[in-house]
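*Asks:* Here's a sequence, model it:
(one chain, ligands or ions: 1)
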Amino acid sequence: MILENDLLLRAARGEKVERTPVWLMRQAGRILPEYRAVRASLSGFIELVKTPELAAEVTIQPVDHLKVDAAIIFSDILVIPEAMGLSYEMVEKAGPFFPEVITTAEQVAKLKRVNPEESLSYVLEAIRITKKELNGRVPLIGFAGAPWTIFCYMVEGKGSKTFSQARRMLYNNPDLSIQLLDKITDSTIHYLKAQVEAGADLVQIFDSWAGILPPDLYERFSLAYIEKICDAVNSVPVTVFAKGAYFARKAIGQLACNTVGLDWNMDIEESKQLIGPEKTLQGNLDPCALYGSYDQIKKTTEEMLRQFGDHPHIANLGHGVYPDTSPEKVKCFIETVKEFTSK
Ligand SMILES: Cc1c2[nH]c(c1CCC(=O)O)Cc1[nH]c(c(CCC(=O)O)c1C)Cc1[nH]c(c(CCC(=O)O)c1C)Cc1[nH]c(c(C)c1CCC(=O)O)C2
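*Replies:* I've put the predicted structure just below:
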């Protein structure tokens, strides 16, 4: 299908664009009253993720209400561990929780190789419905967690500031760690390819816990697996967002991806130098900047855009939008990007 607005895809491929495309990580979610209304009618987050018609509806809400240049499929990175046999719960105000965590080789051996058409058919169906309802208005982004970030949740069992159980396994049992990372990587590749077949126009890999590893362990236990995914998924543009991995920017620039996501700690000029001219950069306004006044938001957004200059760029925040951000402030960010870069 021909897209009416394909700015995101052209920018990802490094082509010249009339203006910078803009979307927000976590745009489909609690910032929108329309999302909260759908969510309130259900027993929980996981039910929403598993009901394709409703997942498609909340995926499209930010396109209608915020006028972003892309939709991102409403799902979670944790659907992969669940499809491998490790189910999760989403505890209100606390986040994900896995009743069983991985500690032994027997458990890793028992994990299933994901067949997305079976165990993740609800995501694929949500993608098909979304594509149909978007009707070419904007591209649809698919996604998955990076193997290391998924490993963190499967070993730790919940969110953590340090993920010390997950990091501990890398030191105490590197062989088992590798077996688990291999299995996650294999399933993730199948899953992302299935998303593309279902209609995803670009895919993003979220390595949310990249920043907690020392550089050498990051190369061995995370980047090596992201590299396999980038090599395998080559029919649509790929974005790698490794939060906190400022030490790995040069190596990330060597991956077979199109776009590199920057978090708000990463200096833009330095990132351009390290990552090089071949990659589009995505990001990286501090999500907290959206708590400022309209004038402040406009000023900090314009300053960010000036720093990216004419380097291929997709405007976004440096991480997901915080749930208590006003949608009007989000709109101010989006409109500033559109106005400032159309000049
Ligand atoms: C680490 C991670 C997770 N999930 C995700 C990541 C990587 C990105 C990141 O670093 O933030 C990815 C994710 N999760 C969600 C999306 C939807 C698409 C989008 O709009 O970006 C995406 C891309 C929905 C969600 N995922 C979650 C919610 C909130 C649950 C709700 O609405 O009830 C949403 C909308 C829950 C979730 N899911 C996860 C956590 C830690 C939490 C709890 C924290 C929180 O509540 O925000 C795991």
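*Asks:* What residues does the residue positioned nearest the centre of the chain make contact with?
*Replies:* In the chain, the C-alpha closest to the average C-alpha coordinate belongs to residue 206, at a distance of 4.3 Å (Cα atoms, centre = their mean). Applying Cβ atoms under 8 Å, 6 or more residues apart in numbering, we find residue 206 in contact with 77, 143-146, 149, 241, 243. (C-beta placed from N, C-alpha, C; glycine too.)
*Asks:* Give the PyMOL command for selecting the buried subset of these.
*Replies:* The following PyMOL command selects only the buried members of the contacts of residue 206, with burial defined by 16 or more other Cβ atoms under 10 Å:
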select buried, resi 77+143+144+145+146+149+241+243
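*Asks:* Closest to residue 27 out of the contacts of residue 206?
*Replies:* Using Cβ to Cβ, residue 143 is the member of the contacts of residue 206 that lies nearest residue 27, at 12.4 Å.
*Asks:* give me the element that closest one is part of.
*Replies:* When secondary structure is defined using DSSP states H and E, the element that contains residue 143 is strand 140-145.
*Asks:* restrict the contacts of residue 206 to contacts with the ligand.
*Replies:* Here is what survives when the contacts of residue 206 are matched to the ligand using Cβ under 6 Å from any ligand atom: 77, 143.
*Asks:* Quick check: the farthest pair among the contacts of residue 206?
*Replies:* Pairwise distances among the contacts of residue 206 were taken by Cβ to Cβ; the largest, 14.9 Å, belongs to 144 and 243.
*Asks:* The strand holding residue 143: partners in the sheet, and parallel or antiparallel?
*Replies:* The sheet places strand 140-145 alongside strand 71-72 (parallel), strand 202-207 (parallel), with pairing taken from DSSP bridges.
*Asks:* Could you check how many residues crowd around the residue in the stretch 151-300 of the chain positioned nearest to the ligand?
*Replies:* Across the stretch 151-300 of the chain, the shortest distance to the ligand (Cβ to the nearest ligand atom) belongs to residue 208, at 3.1 Å. Other residues near residue 208 come to 22 when the count uses other Cβ atoms under 10 Å.
*Asks:* Show the pLDDT at it.
*Replies:* According to the model's per-residue confidence, residue 208 sits at a pLDDT of 98.
*Asks:* Tell me what angle the longest helix anywhere in the chain forms with strand 202-207.
*Replies:* The longest helix of the chain (DSSP state H) is helix 174-198. On the basis of axes from the mean of the first three to the mean of the last three Cα atoms, to 10 degrees, helix 174-198 is oriented at 160 degrees to strand 202-207.
*Asks:* low-scoring pLDDT stretches of this protein, where are they?
*Replies:* Counting by pLDDT under 70, the chain contains no low-confidence residues.
*Asks:* residues touching the residue of the stretch 151-300 of the chain closest to the ligand, list them.
*Replies:* Taking Cβ under 8 Å, 6+ apart, we find residue 208 in contact with 77, 145-146, 149, 243.
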